[in-house]
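**Student:** Please find the sequence and the predicted model below.
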Amino acid sequence: MSEKTFRASRYLTKLNGRDYLEVKWRLLWLRTEHPDAVIVTELEKHEGGMALFKARITLPDGGEATGWGSETVSDFGDYIEKAETKALGRACAALGYGTQFCSDFDFHDKPVDAPVKRSLATAAQVKAIYTIAHEEHGLSEERMNEHTRKAYGQLPAELTKQEASELIDRLKGKKSN
């Protein structure tokens, strides 16, 4: 381990009234203590406007952590970069770099590199998806679920309102903007 000392308190910002350490500073802290740490990120899935990244960090002394991060184009224009950043932040936090200054393992007050509260599809939208799929395309609920999982990585009820609207337009044969 390096003799350098990283002072996280110098880099804290306030987020929703709590101290927060951005991912870039967690990475600096990691590199300050372990300049030879190995960081590998992989784009595991990219389809239907959704990106899923895996980040693995291996320390020279054998410590290792994996973090996962996903984002959608409806939440961020640069969703691919955000997903990778989220995965890196979670891997760092799992190794103890900034864990006390991040909410990556909390399920409220989400920072920008954690999941954004999504406005899920309404019950009417979900019903419309299944109805149009069946009546206009002859698809069973199971086949529609398979199609939606392949295109969006989730079931119709898990789509955002925007994604559901786009899917309905596609099912009706309209182009989405």
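**Tutor:** Done, it's in.
**Student:** Can you report phi and psi for the nearest residue to residue 34 once chain neighbours are set aside?
**Tutor:** Nearest residue to residue 34 in three dimensions, chain neighbours excluded: residue 59, at 5.2 Å (CB to CB, 6 or more residues apart in numbering). For every residue, glycine as well, the C-beta is placed using N, CA and C. Residue 59 adopts backbone torsions of phi -90, psi 150, taken as degrees, to the nearest 10.
**Student:** Can you read off the pLDDT for residue 59?
**Tutor:** The predicted local confidence for residue 59 comes out at a pLDDT of 95.
**Student:** Quick check: bridge partners of residue 50?
**Tutor:** residue 47, residue 72 (DSSP bridges).
**Student:** That one: neighbouring residues, count only.
**Tutor:** Residues lying near residue 50 (other CB atoms under 10 Å) number 21.
**Student:** Would you confirm that it contacts residue 71?
**Tutor:** Yes. Here residue 50 reaches residue 71: they are 7.4 Å apart, a contact under CB atoms under 8 Å.
**Student:** Give the residues shared as contacts by those two.
**Tutor:** residue 79 (CB atoms under 8 Å, 6 or more residues apart in numbering).
**Student:** Good, we can wrap up now.
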